[in-house]
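Q: No letters, just coordinates:
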């Protein structure tokens, strides 16, 4: 996986701890999900090298509207 958040990458790799109480459950969910893969790697990609992905992600978030926190069936 590639991500433009250096903080998140370092948290997922165990280099930094998650301090925010609001982010801890999301971090724990992400770590749990990674254990479902036979291999998992995450690396930091600087934002300037990720402009198109960032643009598409922003379009998707804008189109979605409010975040729906309803659990997805089977997760």
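A: Ah, there it is. Not measured: the values here are computed from a predicted model.

Q: And for the residue nearest to residue 13 when sequence neighbours are not counted, the neighbour number?
A: Distances taken as CB to CB, 6 or more residues apart in numbering place residue 42 nearest to residue 13, at 6.5 Å, with adjacent residues excluded. C-beta: built from backbone N, CA, C; applies to glycine. Applying other CB atoms under 10 Å, we find 15 residues neighbouring residue 42.

Q: Where do the strands of the chain begin and end?
A: Listed in chain order, the strands of the chain (DSSP state E) span 2-3, 43-44.

Q: What ranges in the protein fall below the confidence cut-off?
A: Scanning the chain for pLDDT under 70 picks out 65-75.

Q: Out of the strands of the chain, flag the one nearest residue 27.
A: When these are compared by CB to CB, strand 2-3 sits nearest residue 27, at 13.1 Å.

Q: That closest one pairs with which strands, and in what direction?
A: Using DSSP bridges, the strands paired with strand 2-3 in its sheet are strand 43-44 (parallel).

Q: Now do the strand it pairs with: distance to the chain's middle.
A: 11 Å (CA atoms, centre = their mean, to the nearest Å).
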